[in-house]
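S.K.: model this:
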Amino acid sequence: MALEHINPDGLLASPDFTQVVTATGSKIIHISGQVAWDNDEGLIGEGDFAAQAQRAYENLATCIAAAGATINDVAKTTVYIVDYSPSVRHALANARNAVFNGPNPPASTLIGVQALAFPGLLIEVEATIVVD
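M.R.: Next comes the predicted model:
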C-alpha cells in the first residue's frame, strides 16, 4: 500500500504532521484535525466559536479537494469542541452545512474536550474519506 503525503497551499506546513495522507487500494484518506488557523498558524476568530467553526470546515474542504476527493466522499468526521455545551450547536450546524450541503452527510462523532493542542482553539474537525 502506497501513501501520499500532501500539505495543501494555504494551510500550515508543519514538521509535526501532514495535513492529508492518502492510502491507495480502494483509496482511504485520513485528514488531520483542522482548526481555525491560517497557513502561518494565525488564529482566525479568537474567542468566536462560529468564526472558528467556519474556518475549520473551510480548511477541511481544502484538504478534501487537495486529496482529489469531494465532500460526497467523506465517510466519517470527528469534531472536538472545547468546553462543549448545546448552545454552540447552531453555529456548528451552520459551519458544517456550508460544506456538507448534500443529501448524504457523513457519519459523525462530536466529542467535548477540556482543551485542544494550542491555547485559543475552540474546535477541531477531522475526516476519513473513501474513494474508488
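S.K.: Return the residues in contact with Gly45.
M.R.: Neighbouring residues of Gly45 by Cβ atoms under 8 Å, 6 or more residues apart in numbering: 36, 51-52, 54-55. (Each C-beta comes from the backbone N, C-alpha and C, glycine too.)
S.K.: Oh, that last question was meant for Val130, not what I typed.
M.R.: With Cβ under 8 Å, 6+ apart, Val130 has these contacts: 26-29, 73, 75.
S.K.: if we go to 6 Å?
M.R.: 28, 75 (Cβ atoms under 6 Å, 6 or more residues apart in numbering).
S.K.: what do you get for Tyr84?
M.R.: By Cβ under 6 Å, 6+ apart, the neighbours of Tyr84 are Gly112.
S.K.: Just name the closest of the contacts of Gly45 to Glu4, please.
M.R.: Nearest to Glu4 among the contacts of Gly45, counting by Cβ to Cβ, is Arg55 at 25.1 Å.
S.K.: Tell me which helix or strand comes right after the helix or strand encompassing the closest one.
M.R.: Following DSSP states H and E, one finds Arg55 within helix 49-66. Downstream of helix 49-66, the first helix or strand assigned by DSSP H and E is strand 74-82.
S.K.: Mind listing what's buried along that following strand?
M.R.: Neighbour counts over strand 74-82 (16 or more other Cβ atoms under 10 Å) mark 74, 77, 79-82 as buried.
S.K.: can you redo those residues as CSV with pLDDT and distance to Gln114?
M.R.: Formatted as CSV, the buried residues of strand 74-82 follow (pLDDT from 0 to 100; distance: Cβ to Cβ, whole Å):
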residue, pLDDT, distance to Gln114
Val74, 92, 27
Thr77, 94, 21
Val79, 97, 15
Tyr80, 98, 10
Ile81, 98, 11
Val82, 98, 7
